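Visitor: have a look; sequence and predicted model below, questions after that.
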Amino acid sequence: MNFTLSYLLEQTINGITLGGLYALVALGYTMVYGILLMINFAHSELFMAGGYVGLGVLKLLADPAIAKGGLSFLAPMQAFFNSGTAGFVALIAVTFLISAIVVGLMGVFIERFAYRPLRHAPRLAPLISAIGVSIFLQNAALLWISSKQLPYSRADGTSFVPAKTAFTVFGVSVSTMQIMIIVTSLLLLAFLDTFVSKTRIGKAMRATSQDREAAGLMGVNINSVIALAFFIGPALGAVAGVFNGMYYGSVKFNMGFIPGIKSFTAAVIGGIGNLRGAMLGGFLLGIIESLASGFISNAYRDVIAFIVLILVLVFRPGGLLGEAVAEKV
Amino acid sequence: MGMGNVRKYSALIAVLAIVAMVVTGCGSTATTGGTSAGKTVTVTIGIGAPLTDGAVALGKGMVRGTNLAVKQANATKEIKDLGIVLQTVEGDDKGDPTTGGNVATQFVSNPSLVGVMGTLNSGVTRVAVKIYKQGNIVQVSPANTAVDLTQMGNENYFRVCTVDSVQGPFAADYAFKDAGKKAAFVVDDSTVYGVGLADEWAKQFEKDGGKVTGREKTGDKDTDFKALVTKIKSTNPDLVYYGGIYNSGALLSKQVKEGGLAVPVMSGDGSFDPEWIKLAGAEAAEGDMASNVGLPIDLMPKGQDFMAAYTAEFPGEVPAAYDAYSYDAANVIIKAIIVAAKDLGADKVTSTEGKKAIIAAVGKTNFEGVTGKVTFDSKGDTLNKTITVYAVKSGKWVPVSK
Amino acid sequence: MATDMTRSRSVKRPAVPPRKLALWIVLALALIIVPVTLQAAAGLGFLVRILVIVGIWVLLALGLNIVVGYAGLLDLGYIAFYAMGGYAGMLVGQAVSGRLGGATFWVVLIPAALAGTLTGLVLGFPVLKLRGDYLAIVTLGFGEIVRICLNNDLLGLSNGATGLPRGVEQVVPPWPANWLADNVRFPTPIGEFAFGTNLFWYFVVLMLIIGAIVMIRRLDNSRLGRAWVAMRENEVAAAACGINIRTQKLWAFALGAMSGGIAGVTFAYVQQFISPESFTFMESVFVVCVVVLGGMGSIPGVIVGALLIRGVPDLIQGLMVAGVIQLSGDATSMITGYRFLVFGLLMVIMMAVRPQGIIPSKRRALELHPEDDRTLAEEDMQLWDTSHRDISPDDV
């Protein structure tokens, strides 16, 4: 094997793409943790739900087999979405919008019924409740959607996003999907960062994460802020879920599990509770994994990722961007 | 006690009541569901397969194949005259050895159960077969390919499929000699099955004079092969060999082609499934190869009959890799039950004596099955060592080897 | 340590009231009679195996309970100690079984316990300074590292995905399992009783559990146990009182890991086989669920938790597979499929109804937590005017 510069670049681009997905999911973990100090274990299942909702929407809007299978009123709409660049952009936009909203609402719903009753319970109770939600959602997908791995494509096997090489520089090929994922994740991250640091609601969120009670006394509606965090996080997770399906080519009921652990790891590497930390951690982890797989061994990529995590935490116990928390006396 | 406590306890009681209702609900149906009409003897065959986790598509196919065999047998005059009613019971092992061990104990506890058709995963068999041995239950696997399973002195264990050390080299020979592939990158899925098959394949491929350009491991639930594909590409192979089952393998195939590497992916019997083509997409799957045990169903003398019965029983279903093997494996057990019933009397079949007679009868199996002639050597391996290599042509698996 | 033990023994205990004593005797008899009856009853023998697996989980959960319940450290990679114990026991056992025969299992309990403890110390030493959820993710990562390394046969000892023992090697059942199986059998009104392997393992696991409980109860009342309580309540205050936090945490980690190691080797010998797929992250999560759902820091809680989480799903499938209850194929598939869905839902409901666990620890209930303000508010309500009852505590 010859490790050339173009090989290094191509692996780095693989890593940045993967990192973009991790970052999007990691934000959901970090937002919830920042405000409620709980690990939302069910977040990985919302990522999975995003993948399924996205596939459903794509099939309805752009799979002729669905229209032929009895839903003929969809045919004219499908004709538009399947034609030209405008149709393609609209298709992608509508898919992401619907998946994000549906899954965001799922997040709000889960918070309302599974976590809110536990806000004053012992610390591990919400974690167990979240694990319960996670098991429930996985099995719901298994029983009510499919136990099989579903291809992320039309019934005739063609992909919704053509997996073409967009351009090649210095022997490095970059695909359309990779550009889409990297650009979208960066845009969403920038948007979220501005939203949290500049807007009034964003300030309320930050206040709540610093001191929930004090923020409440200052007139912040705690419940709405928490509900909002439980909307935004899963919505971003859903975007990552749809991308995941398009990029890797399938959805399965247990697909959220591994990306879930990794994204949580990313959030911790960056400093949990810190939005920019989650983004940094996500990209870093993606690149590390990709390079570990490319230069060391694919079998040990997760081992290397977790060793990096342990090293980061041993030397910077608060994560890269997190502050070492002063102990309250 | 405060109001809050009353509320908590009443909810707790409600939860317990639901659990109790579920349990008693099962109990009450039991009294009505039990069939003991006249003097017929109910004899049960267990199906050990992954049904909710692991390779579910293959597991469900195993259930279909077995159920078909049992249904046909129940309709024969021979079984009716003996006063036997055959039935099956599914045990979901999730492809996990511990769960498989529990399932095995449950099968052994079932008083009417005399034989087990299963398992899919060699790892599950390692735990389960010892439990069956203690219970004098015969186990006939349609799918275990780990070589050493028949070398462990379990006289109750048989398999109708052939092993990695036969299948791997055959496929390697085909790849090198017939398909003209000279350089292969070998990937496995870190499971017993995948590693074993990939090792055997690579050994033979190198012996033939081919070059293994690299060897990597992935996980059996992995979907992200992007970094791996970049690595594979840098070694310039003209073939990728994947030891593993269809759900990850098909995605590897898809991503290999998307990554700009126009070489086919070759795999083993666990990938020989229509799902491979669906998941990879017909375009990406075109040219991919998979080896499978036995001859193609429609070339078998009994293949046409099997397909006709299969489609009539399960409309819309296409046989997965092991449906026909499961059908044959179930028939191995059924024929042994008949032998034991004729020798000892139908009511003795489920006794220890009967179970031992069934194990002995399975060892002497000799009939023409859907997958070929079914006979076993002294260790329980099938003597049918035919392998066929298939390739995807225009979205379908087509046999390509002679 | 030794002096602490003697001191705790010298504390005068009140005499056990007769009613409680009777209850203990009934319990002890039930623990013997129930499995023996199940073993004899035709078609129910599989329940003994489920009890064995549940018992191993009780052992595991008792160990994690020291770490989570007593010392307050969330460990999401606890299964790593289980794996290390299992592999170490199996490797040493296969090396010496030729010489030791039936004594092998009893001897390898020691290397397995040591392997667990050492792994606990090796992991604990660098990471125990981390707090709360950082510790959780690091332990999670460690658990995965161990599993992947075993699966990839990093040191050439674990035999990769295939697992141990290698090839045609056999695991020698411990003495006197074979003797009992061959010699103890007699007819009973409900079926022939044979002292099967599962029943043998049931008693082995029962003994190990009793040993672990005795040890934990001793610890609980020792200086170490009190130090853990202080640490869990308020780490800074505990440190100010002269408790060496790091040492106490290491003790908790090492003792918990030891129990995990013993559970691991028992599991390996019950199965006569061990492979990496038994040590996934989900297993770690389930052990945490057992502890929290049962009641952190509570021994009876942990036992009930293991019965519910590990026993019930297997029981439901088992009753159908073993032909105890006969349902149509569709109904069987439905119940098999839905049991985990319902299980997940029950976990959520359970936490909403009883977040402190099914059988909460009495000592923990006495402690004050900042999160207990709801409980305090409820107590206030009770003391307050009864006419205000319809105001829910949530509104306070």
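Guide: Structure's in. What do you need? Only a predicted model underlies this, so the values are computations on that prediction, with no experimental measurement involved.

Visitor: next one, pLDDT for residue 188 please.
Guide: No chain was given, so I picked chain A. What the model reports as pLDDT for A:Leu188 is 93.

Visitor: switch to chain C, please.
Guide: C:Thr188 carries a pLDDT value of 80.

Visitor: backbone dihedrals for the closest residue to it other than its chain neighbours, please?
Guide: Leaving aside its chain neighbours, C:Thr188 sits nearest to C:Ala40 (4.7 Å; criterion: CB to CB, 6 or more residues apart in numbering or on different chains). Backbone N, C-alpha and C define where each C-beta goes, glycine included. C:Ala40 has phi and psi values of phi -80, psi -40 when expressed as degrees, to the nearest 10.

Visitor: tell me, how many residues neighbour C:Ala40?
Guide: Neighbour count for C:Ala40, taken as other CB atoms under 10 Å in any protein chain shown: 20.

Visitor: got it, and B:Phe272?
Guide: B:Phe272 has 23 nearby residues by other CB under 10 Å.

Visitor: quick revisit: so who does the residue nearest to C:Thr188 touch?
Guide: C:Ala40 makes contacts with C:Thr188, C:Ile190, C:Gly191, C:Glu192, C:Phe193, as judged by CB atoms under 8 Å, 6 or more residues apart in numbering or on different chains.

Visitor: let me know the closest of those to chain B.
Guide: C:Gly191 (9.0 Å; CB to the nearest CB).

Visitor: so what's the residue lying closest to the closest one once chain neighbours are set aside up against?
Guide: Nearest residue to C:Gly191, sequence neighbours excluded (CB to CB, 6+ apart): C:Ala42, at 3.8 Å. Applying CB under 8 Å, 6+ apart to C:Ala42 gives the contacts B:Pro111, C:Ile190, C:Gly191.

Visitor: give me the three-state assignment for B:Thr388.
Guide: Classification of B:Thr388 by DSSP: H, G, I helix; E, B strand; the rest coil places it in strand.

Visitor: and the closest residue to it other than its chain neighbours, what does it touch?
Guide: Nearest non-adjacent residue to B:Thr388, counting by CB to CB, 6+ apart: B:Pro399, 5.1 Å away. With contact set as CB under 8 Å, 6+ apart, B:Pro399 has these partners: B:Leu295, B:Pro296, B:Leu299, B:Thr388, B:Val389, B:Tyr390.

Visitor: same question for A:Gly20.
Guide: A:Ile181, A:Ile182, A:Thr184, A:Ser185, A:Leu186, A:Phe243, A:Gly282, A:Phe283, A:Gly286.

Visitor: restricted to strands, list those.
Guide: Among those, no member is found in strands (DSSP state E).

Visitor: in which helix or strand would I find the nearest residue to B:Thr352 once chain neighbours are set aside?
Guide: Leaving aside its sequence neighbours, B:Thr352 sits nearest to B:Asn136 (CB to CB, 6+ apart; 5.7 Å). Assessed by DSSP states H and E, B:Asn136 sits outside every helix and strand.

Visitor: burial count for B:Asn136?
Guide: A count of nearby residues for B:Asn136, using other CB under 10 Å, gives 18.

Visitor: pull the contacting residues for it.
Guide: B:Asn156, B:Thr352, B:Lys355, B:Lys356, B:Ile359.

Visitor: leaving out the residues flanking it, which one is nearest to B:Asn110?
Guide: C:Gly323 (4.0 Å).

Visitor: grab the nearest non-local neighbour of residue 246.
Guide: In the absence of a named chain, this looks at chain A. In space, and not counting its chain neighbours, A:Met246 is closest to A:Val161: 5.1 Å by CB to CB, 6+ apart.

Visitor: could you do chain C instead?
Guide: The shortest distance from C:Arg246 to any non-neighbouring residue, by CB to CB, 6+ apart, is to C:Leu128 (6.1 Å).

Visitor: contacting residues for that neighbour?
Guide: Shown in contact with C:Leu128 (CB under 8 Å, 6+ apart): C:Leu73, C:Leu135, C:Arg246, C:Lys249, C:Leu250, C:Phe253.

Visitor: next, count neighbours for the residue of the stretch 201-350 of chain B found nearest chain C.
Guide: Of all residues in the stretch 201-350 of chain B, B:Lys217 sits closest to chain C, at 6.4 Å by CB to the nearest CB. If you count neighbours by other CB under 10 Å, B:Lys217 ends up with 25.

Visitor: now do stretch C:267-284: distance to the chain's middle.
Guide: Relative to its parent chain, stretch C:267-284 has a centroid offset of 14 Å by CA atoms, centre = their mean, to the nearest Å.

Visitor: please apply the same query to stretch C:296-316.
Guide: Worked out by CA atoms, centre = their mean, stretch C:296-316 lies 9 Å from the chain centre.

Visitor: cool, and stretch A:14-34?
Guide: The answer for stretch A:14-34 is 6 Å, by CA atoms, centre = their mean.

Visitor: please apply the same query to stretch A:127-140.
Guide: Its chain's C-alpha centre lies 18 Å from the corresponding centre of stretch A:127-140 when counted by CA atoms, centre = their mean.

Visitor: kindly tell me how buried A:Ile201 is, as a neighbour count.
Guide: By other CB under 10 Å, 13 other residues sit near A:Ile201.

Visitor: which phi and psi does it have?
Guide: A:Ile201 adopts backbone torsions of phi -60, psi -40, taken as degrees, to the nearest 10.

Visitor: now do B:Val114
Guide: Note on B:Val114: its backbone torsions stand at phi -120, psi -20 [degrees, to the nearest 10].

Visitor: could you pull out the helices in the stretch 1-150 of chain C for me?
Guide: Remark: helices assigned in the stretch 1-150 of chain C by DSSP state H, counting those that start in this stretch are C:2-10, C:18-40, C:46-64, C:79-100, C:104-127, C:132-151.

Visitor: typo on my end, the stretch 101-250 of chain B
Guide: Secondary structure of the stretch 101-250 of chain B (DSSP H, counting those that start in this stretch): helices at B:122-134, B:164-173, B:192-208, B:226-234, B:246-258.

Visitor: helices or strands next to the shortest one in the packing?
Guide: Going back to what we said before, that points to helix B:226-234. For helix B:226-234, the packing partners by 3 or more CB pairs under 8 Å, 6 or more residues apart in numbering or on different chains; DSSP states H and E come out as helix A:5-36, helix A:275-291, strand B:183-188, strand B:211-217, helix B:246-258.

Visitor: ok, the last one near chain A or not?
Guide: The one in question is helix B:246-258. Yes. Using CB under 8 Å from any CB of the partner chain, helix B:246-258 reaches chain A at B:Asn247, B:Leu251, B:Lys254, B:Gln255, B:Glu258.

Visitor: separate out the buried members of those.
Guide: The neighbour-count test (16 or more other CB atoms under 10 Å in any protein chain shown) applied to those identifies B:Asn247, B:Leu251, B:Lys254, B:Gln255, B:Glu258 as buried.
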